[in-house]
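Have a look; sequence and predicted model below, questions after that.
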Amino acid sequence: MAQSVKGMRDLLGVELRWFQHIEETARRVFGCHGYEEIRTPILEELEVFKRSVGESSDIVNKEMYEFTDKGGRQVVMRPENTAGVVRAVIQHKLLNANDPVLLYYIGQQFRYERMQAGRYRQFWQIGAESFGVATPESEAESLLMLHSFLTELGLKRLVFAINSVGTPESRPAFHAAIRAFFAQRSEQFCADCHRRIESNPLRILDCKNEQCQRALAGHPVITEYLDEASARHHARLKELLTELAIPFEETPRLVRGLDYYTRTAFEVLSTDLGAQSALLGGGRYDGLVKHLGGPDVPAFGWAIGLDRLAMVLQQIKTEADAPSRVTSTLLIPLGDRAATAALQLARTIWDAGLALQLETRGGALKKAMASANRMGIQTVLILGDGELDSGTITVKHMASGEQESWPLGAVAARLAAQ
Ligand code: HAM
């Protein structure tokens, strides 16, 4: 029997209903903030990611699903969506009018990663990107939107871990400091860090190796090497987050695994599951639009892993909170005459915007009732010759086992009132 490819899974049942609930909440909250949806293709040219996420990043180095298509093009199944959105806003000249452009997306991403709980090779992200505004206020607005979205979903124990990674101009001073620090204790660091200190020194700060984390004690702090404007920017963001009562922690080791960040970089951690785990990440990426061939436009955004978010919600919520099936009513016709009448009755109910599942297999009531039980149906409507003759329908409430009779003409109104 064929199985789904390793790291790629089918979404269905309760888990998918959580996904849908999260997606609906996102659309509503982001829509209120003036963000519009964008959907970009899953395949992008290899260059889009090499030039943005960065050649030294783990994503580009080891995790991309890349191949040559039948036309000889080198393409990649997107490992993230920011680069594709930037490519799209440039291609469609959305940034030329100098107005802010606010976009969000919901879609699959692909990374060839080692499997862990909540980590997949095809996973889903919901992300929001804002273009054209360089202010800390725009970051506070985006983080506030994120905070409303997560609290509306029911997450309570959130921490916004924030840092500033400076600008390409101010970073060499920090690189020099961190290299000097590394040189004094280089034997305590892993082979990966030895590679990183050459290609991307910032990345030694978030090495997952425990020995490296210990060796980092007393490391130079990047926010002490910021240029004046970046330092002011960072201080103002912290002031705004304090004003808005968004719980944050200054986190000097937070540098993120993608190369495009400038100034603010952040992650949101949730302790709702006990151990702290990153639910999402993002930051400012002022140079990326220009770097990919567009105008010199600042940008800020983030993306949350939907698989992980759904996992957290499933664990912190009770079964009763789980989004239920839309239909909790089943109409069972008995006999040929009732089968026709049931289709007509069902049509009036559907046309009234109400939910109803119709039993169309024919056959015995017992079999249909057994299915209703397994599907978690709450109300069963039974239509047989007797009911048709008296212009009524038999209604069985599954939880209590009680039975009653409704006039046929009142079914839609009674269902709507339930
Ligand atoms: P990222 O940190 O690579 O950032 O991914 C964001 C989130 O996607 C992670 O925090 C995690 O929840 C989820 N995620 C990543 N990899 C996996 C995986 N293999 N399985 C399940 N979930 C995963 C970005 O992708 C940036 N584009 C964020 C951004 C937007 N920055 C600016 N704008």
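Yes, it's here.

Surely Ile349 forms part of a helix?
Yes. Counting by DSSP: H, G, I helix; E, B strand; the rest coil, one finds Ile349 located in a helix.

Am I right that it is in contact with Ala413?
No. Between Ile349 and Ala413 no contact is recorded; they are 10.2 Å apart, counting by Cβ atoms under 8 Å. Where you see a C-beta, it was placed from the backbone N, CA and C, and this is true even at glycine.

Please list the residues of the stretch 151-300 of the chain that sit near the ligand.
Applying Cβ under 6 Å from any ligand atom, we find that the stretch 151-300 of the chain lies next to the ligand at 258, 278-283, 285.

Throw the residues you listed into a markdown table and include neighbour count, thanks.
Converted to a markdown table, these look like this (neighbours: other Cβ atoms under 10 Å):
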| residue | neighbour count |
| --- | --- |
| Leu258 | 24 |
| Ala278 | 14 |
| Leu279 | 22 |
| Leu280 | 22 |
| Gly281 | 19 |
| Gly282 | 26 |
| Gly283 | 25 |
| Tyr285 | 26 |
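
Farthest-apart pair in these, please.
Within those, Leu279 and Tyr285 form the most distant pair, 19.7 Å apart (Cβ to Cβ).

least trustworthy helix or strand in this structure by mean pLDDT?
Of all helical and strand segments in the chain, the minimum by mean pLDDT, DSSP states H and E falls on helix 58, at a mean of 86.

chain center to that one: distance?
Centroid separation for helix 58 versus its chain: 21 Å, with Cα atoms, centre = their mean, to the nearest Å.

If you count surrounding residues, which of Ile349 and Ala413 has more?
Counted by other Cβ atoms under 10 Å, Ile349 and Ala413 do not tie: Ile349 has more neighbours, with 19 against 12.

and the closest residue to the ligand within the chain, what is it in contact with?
Residue of the chain nearest the ligand, by Cβ to the nearest ligand atom: Gly305 (2.4 Å). With contact set as Cβ atoms under 8 Å, 6 or more residues apart in numbering, Gly305 has these partners: 118, 123-125, 279-280.

any chance you could map the strands in the stretch 201-350 of the chain?
Counting by DSSP state E, counting those that start in this stretch, the segments of the stretch 201-350 of the chain that form strands are 248-250, 264-270, 277-284, 299-305, 329-333.

So, low pLDDT: which residues of the protein?
Counting by pLDDT under 70, the low-confidence segments of the chain come to 273-277.

C-terminal to the least confident helix or strand of the chain, what's the next element?
Taking DSSP states H and E as the definition, the helix or strand that follows helix 58 towards the C-terminus is strand 65-68.

And that following strand, what does it pack against?
With contacts defined as 3 or more Cβ pairs under 8 Å, 6 or more residues apart in numbering; DSSP states H and E, strand 65-68 has these neighbours: strand 74-77.

Helices of the stretch 101-250 of the chain, start to end?
Listed from the start of the chain, the stretch 101-250 of the chain has helices (DSSP state H, counting those that start in this stretch) covering 136-153, 171-184, 191-199, 210-215, 228-243.

Check these for me and report the most buried one.
Relative to the other members of the helices of the stretch 101-250 of the chain, helix 136-153 carries the highest mean neighbour count by mean count of other Cβ atoms under 10 Å, namely a mean of 20.

what's next to it, contact-wise?
Taking contacts as Cβ under 8 Å, 6+ apart, the residues outside helix 136-153 that touch it are 21-22, 25-26, 29-30, 33, 35, 100, 128, 130, 158, 160, 233-234, 236-237, 240-241, 244, 246, 264, 266, 268, 279-280, 284, 300-302, 304, 309, 313.

How about stretch 73-85?
Residues beyond stretch 73-85 that count as contacts (Cβ under 8 Å, 6+ apart) turn out to be 38, 40-46, 48-49, 51-53, 59-60, 63-69, 103, 105, 107, 109-111, 125, 127, 129, 258, 260, 285, 288, 292, 301, 303.

Kindly recompute the last result at 7 Å.
Stretch 73-85 has contacts (Cβ atoms under 7 Å, 6 or more residues apart in numbering) with 38, 40, 42-46, 48-49, 52-53, 59, 63-69, 103, 105, 107, 109-111, 125, 127, 129, 301, 303.

What's the ChimeraX syntax to select whichever of these are buried?
Buried residues within the contacts of stretch 73-85, as defined by 16 or more other Cβ atoms under 10 Å, are selected in ChimeraX through the command that follows:
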select :38,40,42,44,46,48,49,52,53,59,63,64,65,66,103,105,107,109,110,111,125,127,129,301,303
